[in-house]
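# Structure here, sequence nowhere to be found:
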């Protein structure tokens with residue numbers, strides 16, 4: 001039976017990878033992922049269904065458009081193959097190799113597996129776009145977060161995502177309400193986005209940043225597009241990073257104040273604590289299980305994002321230069337919403353190890369000052385997911401702080 005599932009998931013993964021190629025190309029450019037249908041970016045001809053079969057068509061066409069003979073980037077087949085291997089490999093790791101002792105039977109835990117596979121696909125999309133264009137498609141992060149929260153709420157699996165303590169759940173719910181309030185205030189102009197007035201490129205930049213180059217047909221030259229020498233906002237962009245990041249601190253104030261208030265009420269007021277425990281405790285019946293599943297995902301979302309956002313705020317205040325991007329905040333928030341607070345917390349410290357190795361390589365080969373960090377966050381997340389049991393044992397002492 002395992003062989004059947006592996007073949008099926010490999011095929012599904014290849015099809016999903018084909019769609020992911022559309023997302024990778026169109027979403028960063030503001031194009032619809034539905035209309036028009038798949039077409040050659042060079043001649044504009046619609047691609048026939050038999051020329052759009054994952055893995056097979058690229059090889060059959062010799063990596064060229066059937067009509068204009070323009071080269072088709074190898075990225076397409078690589079994304080399809082990587083997605084197929086990733087989805088099928090995740091099944092093998094969980095249910096054949098049993099890298100997680102609590103994986104259980106696939107038919108019982110398939111919703112959680114689907115959420116995890118969706119997360120890995122989303123991370124691959126974000127990594128590919130970040131490498132190519134130095135941006136993170138936030139829509140992908142939002143979709144992954146929604147799937148993670150929905151699965152944890154509808155089909156809570158506390159063997160995979162341990163429930164959070166009642167005070168922690170109350171704080172996270174209050175913080176979530178605070179973020180919604182901040183978004184509303186921002187929408188109506190009461191709060192201003194950070195770096196909104198920054199110039200797109202340094203004021204005294206000697207060269208203009210290359211933009212949207214990949215929208216053009218693939219060139220025969222084998223040279224790789226150079227990464228921009230400076231991506232992070234600094235004083236040379238016409239703004240004060242320290243002042244701008246304080247806008248983000250102000251944005252987080254409603255969430256912070258409400259979280260503190262919720263913690264005080266749940267821990268200091270017996271009546272409030274009793275009422276909250278009756279609602280949110282995982283032992284309080286079916287309804288409580290679903291509520292706790294929602295709170296677990298919400299807690300992961302907030303803690304995952306907070307690791308990056310906190311580093312961004314303190315780093316920017318310390319060095320007067322934008323430290324890490326907000327896109328990375330959304331990536332780790334999506335990770336936490338899908339696999340719980342522990343994975344992004346550990347991946348946050350694992351990712352720099354991958355980034356450091358790559359930085360040393362770039363220092364020698366490309367003289368590049370900055371790195372897109374999204375791919376290393378994705379790599380760190382994958383490693384922690386696969387070695388979750390070992391990581392869980394290692395941090396078991398600290399985990400008790402979050403458990404009931």
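That came in fine, so what should we check first? Remember, it's a predicted structure, so these values are computed and weren't measured experimentally. Numbering: from 1, shown residues only.

# any low-confidence regions in the chain?
Applying pLDDT under 70 to the chain flags residues 198, 200-231, 282-285, 366-370, 397-404.

# for the residue nearest the centre of the chain, what are its contacts?
By Cα atoms, centre = their mean, the chain has its centre lying nearest to residue 331, at 2.6 Å. Applying Cβ atoms under 8 Å, 6 or more residues apart in numbering, we find residue 331 in contact with 123, 126, 136, 141, 308, 374, 377, 378. All C-beta spots, glycine's among them, are computed from the backbone N, C-alpha and C.

# Most neighbours among the residues you listed, which one?
Most neighbours among the contacts of residue 331, by other Cβ atoms under 10 Å: residue 377, with 32 neighbours.

# any idea how far residue 340 is from that one?
Using Cβ to Cβ, to the nearest Å, we find residue 377 at a distance of 16 Å from residue 340.

# got the buried residues for stretch 319-333?
321-333 (16 or more other Cβ atoms under 10 Å).

# And that stretch, how far out from the chain middle?
Its chain's C-alpha centre and that of stretch 319-333 lie 12 Å apart, by Cα atoms, centre = their mean, to the nearest Å.

# Ends of it, what's the gap?
25 Å (Cα to Cα, to the nearest Å).

# cool, and stretch 274-286?
Stretch 274-286 has its terminal residues 18 Å apart, counting by Cα to Cα.

# cool, stretch 126-139 as well?
Taking Cα to Cα, the first and last residues of stretch 126-139 lie 10 Å apart.

# Show residues contacting that stretch.
Contacts of stretch 126-139 from elsewhere in the structure, counted by Cβ under 8 Å, 6+ apart, are 23-24, 27-28, 75, 79, 125, 140-141, 214, 227-228, 231, 325, 327-328, 330-331, 372-375, 378.

# mind listing which of these are in strands?
Using DSSP state E, no member of the contacts of stretch 126-139 sits in strands.

# any idea how far residue 126 is from residue 178?
Counting by Cβ to Cβ, the gap from residue 178 to residue 126 is 26 Å.

# Pull out the buried positions in stretch 153-170.
Buried residues in stretch 153-170, counting neighbours by 16+ other Cβ under 10 Å, are found at 153, 155-157, 160-170.

# just how off-centre is it within its chain?
Centre-to-centre, stretch 153-170 and its host chain are 20 Å apart (Cα atoms, centre = their mean).

# Please apply the same query to stretch 41-50.
Taking Cα atoms, centre = their mean, one finds stretch 41-50 lying 31 Å from the centre of the chain it belongs to.

# Then stretch 259-269?
With Cα atoms, centre = their mean, you get 31 Å for stretch 259-269.

# what does it rub up against?
Here stretch 259-269 has contacts from 166, 167, 170, 171, 172, 173, 174, 175, 178, 272, 273, 276, using Cβ under 8 Å, 6+ apart.

# Could you give me the PyMOL syntax to select whichever of those are buried?
In PyMOL syntax, the buried subset of these is picked out as below (16+ other Cβ under 10 Å):
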select buried, resi 166+167+170+171+172+173+174+175+178+273+276
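
# got the contacts of stretch 259-269 as a markdown table, with distance to residue 355 columns?
Listed next are the contacts of stretch 259-269 as a markdown table, based on distance: Cβ to Cβ, whole Å:
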| residue | distance to residue 355 |
| --- | --- |
| 166 | 37 |
| 167 | 35 |
| 170 | 36 |
| 171 | 31 |
| 172 | 29 |
| 173 | 34 |
| 174 | 34 |
| 175 | 29 |
| 178 | 31 |
| 272 | 44 |
| 273 | 43 |
| 276 | 41 |
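
# Among the contacts of stretch 259-269, which pair sits farthest apart?
178 and 273 (20.6 Å; Cβ to Cβ).

# so where's the longest helix in the protein?
Longest helix in the chain by number of residues, with DSSP state H as the criterion: helix 286-319.

# what packs against that helix?
Applying 3 or more Cβ pairs under 8 Å, 6 or more residues apart in numbering; DSSP states H and E, we find helix 286-319 packed against helix 138-154, helix 166-187, helix 241-268, helix 270-280, helix 326-339, helix 342-365.

# Please repeat the previous calculation with a cut-off of 6 Å.
For helix 286-319, the elements it packs on are helix 138-154, helix 166-187, helix 241-268, helix 326-339, judged by 3 or more Cβ pairs under 6 Å, 6 or more residues apart in numbering; DSSP states H and E.

# Point out the most buried one among those.
Of all the helices and strands packed on helix 286-319, helix 326-339 carries the top mean neighbour count, a mean of 28, counting by mean count of other Cβ atoms under 10 Å.

# now that one: how far from the chain's centre is it?
Relative to where its chain is centred, helix 326-339 has its mean C-alpha point 5 Å off (Cα atoms, centre = their mean).

# quick one, that helix and helix 342-365 angle?
Interaxial angle, helix 326-339 versus helix 342-365 (axes from the mean of the first three to the mean of the last three Cα atoms, to 10 degrees): 140 degrees.

# Residue 352: neighbour count?
Residue 352 - counted by other Cβ under 10 Å - has 14 other residues nearby.

# Distance check, it against residue 328.
Residue 352 is 12 Å from residue 328, by Cβ to Cβ.

# Now do the residue nearest to residue 92 when sequence neighbours are not counted against residue 87, distance only.
Excluding its sequence neighbours, the residue lying closest to residue 92 (Cβ to Cβ, 6 or more residues apart in numbering) is residue 6, at 6.4 Å. Distance, residue 6 to residue 87, by Cβ to Cβ: 10 Å.
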